[in-house]
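Colleague: For reference, the sequence and a predicted model appear below.
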Amino acid sequence: MIIKKIVLSFLLALMPSIALAAHGVSIDGSLKYPADFSRFDYTSAEAKKGGDLVLHGLGGFDKMNPFTLKGMAPDGLDSLLFERLAVSSLDEPFAKYGLLAKDIALAEDGLSVTFILNKEARFSDGTPVQSSDVKFSLETLKSNQAHPMYSAYLQDIVSADILGPQTIRFNFSQRNRELHMIACEVPVFSEKFYTEHPFEEQSLTPPVASGPYVVENFKPGKNITYKRNPDYWAKDHPTRKGMFNYDRITYKFFKDQLVSLEAFKAREFDFMFVNISKQWVRDMTGAKFQPGQILKDLMPHNNNQGMQCFLMNLRQEKFQDRRVRQALALAFDFQWTNKSIFFDQYAQSDSFFSNSYLAARGLPQGLELEYLEPFKDQLPAEVFTTPLTPISTDPPSSLRKNLRQAKKLLEAAGWQVKDGKLVKKENPQEVFKFEIILASASFERVMAPYVNNLKKLGFQVTYRTLDPALYVQRRQAFDFEMMVNVFGQSQSPGNEQRDMWHSNAADRPGSRNLLGLKDPVVDALVDKIIYSQNQQELTAACMAMDRVLWYGYYVVPNWFVAKHRVAYWDIFNRPKTLPTFYSVDQALMTWWMK
C-alpha cells in the first residue's frame, strides 16, 4: 500500500493540474460507495456460479464487432465480452466506478482526465490491458472505421497521451461537466487482436476482449454460446461481485416475437422480456404459468422513458409542413388503442423525457424561459402559451373532433380530398401517400386502426413488416417514410443528444437523427444541454428542448410503462434488492441458478 501511494504521488506530481485520484467519479462529486466497498447493494453475497442460461434474440447476426455500422452483431457480445474503464452503479443516476481503471483523476481545470489502469486487467488471451490499448480504442472509435455515432459522442475528447504503460490522459476541447463520465465509457479493445484482424472488416472471428465471457461456439443466424472465462481477471472485483454467475449463456435466434413466445412456452429458452401487452395478458396464461414452472413479474424501475413514437422522415418533402405533421398526430387514438388493444397497461407519452423530472411541465419560466426567448420569432406560439398536452379522445374531445381539426390543418397546408384521396390543390395529380415500415408483426394490429383513421382524411397509407436485417439496413440508410422508434434517454442527458437531434447528424448514415431534423434552435439547445455547468442548467435546457420538439410535431407520441414485464422458468434465485435505473439484461446478470 505504501508503494502504491508513492507511485501515485509521483504520477500526480507530474501532472500539477490533477485533482486527487479516486476509485469512482460522478457529475456532482458525490458517490454512494466508498473506496473499500465489496459489492453493489443490488447484488447478493449468496450468489453462486454455475448453470447454463438460454435466452432468445430476434433476427440473426453476421459479424463479431458490435462497434461498426454495417451488419448485425449477436446479442450479448458487447455486454459480456467488452469492458469499459469504469462502470455505472445501477442505484445512482450519475456515478461510475473504476473497472479497467483503478484510479480516475479529473483535472482541476476540467480539461482532461487521467486513468491509472488496474495492473491485474487482462484480455482473454492473457495479455495485459495497457494504456496503448486504451489510446488505440479511443482513436479507433473516433475514426471512420467505427459506427459514426461514436465520433459524435466522443468529439470533445480530442486526444490521448500515454503517460506510462498503465497511465493515460484524455484531453478535452472544452469544459463539459459530464465529459469525464463519457471518457469512462470508452470500450477498451486489444490492439494486438485488431492489428491482426482489421477492425472494420465484417468478420466472424470471435474477438479477444477483457470481459467475463468468451465466445465458445456459434452458428451464424442460429445461435451463439458464451462461456464464462475461468481466468477472468475481475471475478472478485467489487463492481463484478455477485454478477455474471452463469457458466454459459446461449442466445437462440427467432424470426419474430410471436414465434419466440411459443418457443419459450416449450422451454427452448429460460427467460423472456415481454413488450407486447397481448402476450402478457392473453398468451401467458394456463397451467404452466404457476410457481414451479413459469413465473411472471412486473419489475419497477425509475428509468427515463424518453419518447416512443411513429416518426416522420423530414427528408421527404411531404412531411416538411408542421400542419401536416400535426394532422398525422391528431389521427392517432391512444385512448381507444390502450383500452381495446393494450388492456389499459400503458401511460400516454407526454414528453421526450417521459417518466422523468426533465419533462417540461406547465409554462416555461425562469432559466428555461431565458433559454427560449431569444428564439421566440422562430418558434410556434404554443411553446410559450400551452403546456405539453397529449392529444386525447377522452370527453369532451373525440376522434371525430380531432379528425375535423386535422382536415382544417391539411386544407390550410394546401391539401384537399378529391375522389377519396388527399391531393395537392395546386397539382391534383400529386397524392399524399406513404409507407410505414415495422420491425415486428405484432405492431400491425396497432397500425391497422391508425391507418384506417388516416384514410378518413384521404391519406393513402400502407404498412408492412420487414425482415430484421433489412429493417436495420433501411433504418441506418434513412430509407423510410414513417417508422416506429424509441428515443431512449438517460438520467443525465448529454453528448448523445447531438446524435439524436443536431443538424450535423441528419445526413450521417447510422445516426440516431432519424427525423432528419435540421433546426438551429434545437442545435442551440443541444449545446445548452451538453455544456450545462450544473443540474439547474441541464434541467432547464432539457425542458426547453422538450417543448420545441413537442410543438414541432415531428412525431406521433406513443406510450410507455414504468415497469419491466418479464417471464421466466422457475429456475432462478434473485437478490433481495432491485437496482433503481436498469435494463432487464442488467438485472438478469445479478441472478443465479437454483
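Modeller: Looks like it arrived, so ask away.
Colleague: which residues in the stretch 151-300 of the chain form helices?
Modeller: Taking DSSP state H, counting those that start in this stretch, the helices of the stretch 151-300 of the chain run over residues 179-184, 191-196, 257-265, 277-278.
Colleague: Quick one, which of those gets closest to Lys219.
Modeller: Ranking the helices of the stretch 151-300 of the chain by proximity to Lys219 (C-beta to C-beta) places helix 257-265 first, at 16.2 Å. Every residue, glycine included, has its C-beta placed from N, CA and C.
Colleague: Just put the helices of the stretch 151-300 of the chain in TSV and tack on mean pLDDT.
Modeller: Output for those, formatted as TSV (pLDDT from 0 to 100):
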stretch	mean pLDDT
helix 179-184	96
helix 191-196	98
helix 257-265	92
helix 277-278	90
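Colleague: and the longest helix along the chain, what does it pack onto?
Modeller: Taking DSSP state H as the criterion, the chain has its longest helix at helix 535-550. Helix 535-550 sits against helix 366-372, helix 496-501, helix 520-530, with contacts defined as 3 or more C-beta pairs under 8 Å, 6 or more residues apart in numbering; DSSP states H and E.
Colleague: between those, which gets nearest to Lys576?
Modeller: Comparing the helices and strands packed on helix 535-550 under C-beta to C-beta, the one sitting nearest is helix 496-501, at 32.9 Å.
Colleague: about what we covered before: what's the most buried one of the helices and strands packed on helix 535-550?
Modeller: helix 496-501 (a mean of 24; mean count of other C-beta atoms under 10 Å).
Colleague: hey, C-alpha coordinates of it in PDB?
Modeller: The C-alpha trace of helix 496-501 is given here as PDB (Å, rounded to 0.1, in the frame of the first residue of the first chain):
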ATOM      1  CA  GLU A 496     -25.700  11.600 -27.100                       C
ATOM      2  CA  GLN A 497     -28.300  14.400 -27.800                       C
ATOM      3  CA  ARG A 498     -26.000  15.600 -30.600                       C
ATOM      4  CA  ASP A 499     -26.500  12.300 -32.400                       C
ATOM      5  CA  MET A 500     -30.300  12.400 -31.900                       C
ATOM      6  CA  TRP A 501     -31.300  15.900 -32.900                       C
END
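Colleague: Can you give the contact residues for that helix?
Modeller: 149, 152-153, 155, 487, 490, 504-505, 511-513, 515, 517, 519, 522-523, 526, 529-530, 545, 549 (C-beta atoms under 8 Å, 6 or more residues apart in numbering).
Colleague: related to what we said a few turns ago, looking at the helices of the stretch 151-300 of the chain, which is closest to Lys563?
Modeller: Across those, closest to Lys563 is helix 277-278 (C-beta to C-beta), at 12.1 Å.
Colleague: In JSON lines, list the helices and strands packed on helix 535-550 along with distance to Lys252 and mean pLDDT.
Modeller: Shown next, in JSON lines, are these (distance: least, C-beta to C-beta, whole Å; pLDDT from 0 to 100):
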{"stretch": "helix 366-372", "distance to Lys252": "48", "mean pLDDT": "98"}
{"stretch": "helix 496-501", "distance to Lys252": "31", "mean pLDDT": "96"}
{"stretch": "helix 520-530", "distance to Lys252": "40", "mean pLDDT": "97"}
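Colleague: Would you reformat those as a markdown table and include distance to Ser260?
Modeller: Output for those, formatted as a markdown table (distance: least, C-beta to C-beta, whole Å):
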| stretch | distance to Ser260 |
| --- | --- |
| helix 366-372 | 44 |
| helix 496-501 | 29 |
| helix 520-530 | 37 |
